[in-house]
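*Asks:* need a 3D model of the sequence below.
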Amino acid sequence: MIKKKKKLVAVLLALGLLATLVVGCNSSTKSSSKKIDESEAVAKVNGELISKAKFEKNLQQIKAQYKERYGLDFSNKKSAGMLASIKKRLLDQMIQEKILMQKATEKGVKVTEKDIKDRLNQIKAQYKTEDLKKKLKAAGITLEDVKDNIKKNLIVKKLGNELTKDIKVTDQELKDYFNKNKEKFVQPAKVKASHILVDTKKKAEKIKAKLDSGADFAKLAKENSTGPSKNKGGNLGYFSKGQMVPAFEKVAFNLKAGEISDPVKTKYGYHIIKVTDKKEGKKLKFADVKSMIKDSFVSRKKQKVLQDYLKKSYNESDIKELIEIKVPKGKTNPHAGGGNNNGKSNPHAGLDMKKKDSTK
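*Replies:* Predicted coordinates:
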C-alpha cells in the first residue's frame, strides 16, 4: 500500500504485440488469406495488400485501449486531430509489419505451434483468468488475435536473432564504460522495516503505548494493522529511498535497527514503524556489474543493426498508400514518430526498439 504504485505494465504488450517495432498491429491469419483488390485495401507493399478491414479492426482496438486507459472518446470533433494522427501512425506500423513479415519469409524464419502455445501459457500464468478476459474484451481483442500477435512477435524476435547473431563486445569496451561511469554503479542504502497502519492517531497512540510496555510488534500488527502486510506481522522487507512515501521514508531511514517510531501520518493513515535491519550503500565493483553492462551494450548494438535493416528494407520496398490521412499541423502524434518521407510512410515510425538502458 505505501510503496509508490508503479505503473502497471500494459497487458496488451504482454499479450505478444510487436512491442519492439509495431504496436496495435494485430490481424487474423484467417482474414489475411481472403483475396481483396485495391479498393478494399489501405496500402500495397511489394505487391501485397493490407486490407481496410484489418486496418479498421486494429483502429477500433486502439480506440478501445485509449478509452480503457485514459477515458478518451473519439466521437467528438475536438479529438479529430488526434484520431487522424493515430490512423497515420497505425498505417505506418502496418506497412512496417508487412515488410518485416516479408523479410522473415524470405529468410525462412518460422515458428511452431508449440512455440506459440508455450508463450501463451507464460502469459496466462501472469494473470488471473477473469482479469485477462476483461482486459481483452475491453480492448476488443480475441484469443485468436493474441495468438497471431504472439506468432508475429516470435517471428520478429527470431529474425532479429538471426541478423544480430554475430554481435560481440570486448571486455575492454565494458571496462572503459565502467571506469567512465563509476558514479552510476552504486548500491543504494536499504532499510528493512515493519509497520502497523491504522486510521486514527488515537488508535496509533494506544498501540505505541503497548509497544513501549513490551508488547510483541508482529502480534499487534496482525491484530490491528489495516495494511496488506498485516498477515506478515507488518513486515515490508527491504526498501531503498524513493520507494516509500516521503514522510514514511524519512522516519524509517532515521531510525536505528531495533527502534520503533512514534505515530507517523501519511495519506494512508497513521503508521508505527519498526526498523529491523539497515544496509549501507556501497560502490559496486566491475565484476558485480559486468554482466549488466554487457547486456546493455549488446542490446544497443542489436538495436542499431535492426534499425539499419528496417530502414534499408523500407527504402528498397515498393510501397503505395491507398488512403489519404490528413494530420492537422501542430497536432502531436500520440505515438511518437510518424510523418511522411517523400510520399511514403516514415521508415522510423514505430521503431522503438530501445529497452531501458540499465547502464544509464
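*Asks:* could you list the domains of the protein?
*Replies:* For the chain, automatic domain parsing gives the domain ranges 11-168+289-345, 186-283.
*Asks:* can you say which of these is nearest to residue 180?
*Replies:* The closest of those to residue 180 is domain 11-168+289-345. By Cβ to Cβ, the value is 11.3 Å. Quick note: C-beta positions are derived from backbone N, CA and C, even for glycine.
*Asks:* closest to residue 176 out of the domains of the chain?
*Replies:* Of the domains of the chain, nearest to residue 176 by Cβ to Cβ is domain 11-168+289-345, at 10.2 Å.
*Asks:* so who does residue 259 touch?
*Replies:* 274-275 (Cβ atoms under 8 Å, 6 or more residues apart in numbering).
*Asks:* rerun that using 7 Å as the cut-off
*Replies:* When contacts are counted by Cβ atoms under 7 Å, 6 or more residues apart in numbering, residue 259 touches residue 275.
*Asks:* which of the domains of the chain has the lowest average pLDDT?
*Replies:* Note on the domains of the chain: domain 11-168+289-345 shows the lowest mean pLDDT, a mean of 80.
*Asks:* what does the longest strand along the chain rub up against?
*Replies:* In the chain, assigned by DSSP state E, the strand with the most residues is strand 269-279. Strand 269-279 has contacts (Cβ under 7 Å, 6+ apart) with 189-201, 204, 207-208, 211, 217, 226, 248, 251-252, 255-257, 259-261, 263-264.
*Asks:* any of these buried? List them.
*Replies:* 190-198, 204, 207-208, 211, 217, 248, 251-252, 255, 260-261, 263-264 (16 or more other Cβ atoms under 10 Å).
*Asks:* just put the domains of the chain in a markdown table and tack on distance to residue 177.
*Replies:* Formatted as a markdown table, the domains of the chain follow (distance: least, Cβ to Cβ, whole Å):
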| stretch | distance to residue 177 |
| --- | --- |
| domain 11-168+289-345 | 6 |
| domain 186-283 | 15 |
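*Asks:* can you tell me the SS state at residue 61?
*Replies:* helix (DSSP: H, G, I helix; E, B strand; the rest coil).
*Asks:* likewise for the one 3 residues further on?
*Replies:* For residue 64, the assignment made with three-state DSSP gives helix.
*Asks:* quick one, what contacts it?
*Replies:* Contacts of residue 64 (Cβ under 7 Å, 6+ apart): 138-140.
*Asks:* among the residues you listed, which lie within helices?
*Replies:* Taking DSSP state H, the ones among the contacts of residue 64 that sit in helices are 138-139.
*Asks:* which one of the contacts of residue 64 is nearest residue 47?
*Replies:* Nearest to residue 47 out of the contacts of residue 64 is residue 140 (Cβ to Cβ; 30.0 Å).
*Asks:* longest single helix anywhere in the chain?
*Replies:* The chain, longest helix under DSSP H: helix 286-316.
*Asks:* the helix or strand following that one packs against which elements?
*Replies:* For helix 286-316, the following helix or strand on the C-terminal side (DSSP states H and E) is strand 319-321. Here strand 319-321 touches strand 41-45, strand 344-345, going by 3 or more Cβ pairs under 7 Å, 6 or more residues apart in numbering; DSSP states H and E.
*Asks:* sort out for me which of the contacts of strand 269-279 are in helices.
*Replies:* Of the contacts of strand 269-279, the ones assigned to helices by DSSP H are 201, 204, 207-208, 211, 217, 248, 251-252.
*Asks:* which residue is most remote from the mean position of this protein?
*Replies:* residue 213 (48.2 Å; Cα atoms, centre = their mean).
*Asks:* from residue 314, how far out is that one?
*Replies:* 74 Å (Cβ to Cβ, to the nearest Å).
*Asks:* show me where this structure has strands.
*Replies:* Secondary structure of the chain (DSSP E): strands at 41-45, 48-51, 186-187, 190-198, 235-240, 264-266, 269-279, 282-283, 319-321, 340-341, 344-345.
*Asks:* mind putting the ones you listed into CSV with distance to residue 158?
*Replies:* As requested, those are arranged in CSV below (distance: least, Cβ to Cβ, whole Å):
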stretch, distance to residue 158
strand 41-45, 21
strand 48-51, 20
strand 186-187, 36
strand 190-198, 40
strand 235-240, 38
strand 264-266, 48
strand 269-279, 42
strand 282-283, 40
strand 319-321, 24
strand 340-341, 28
strand 344-345, 25
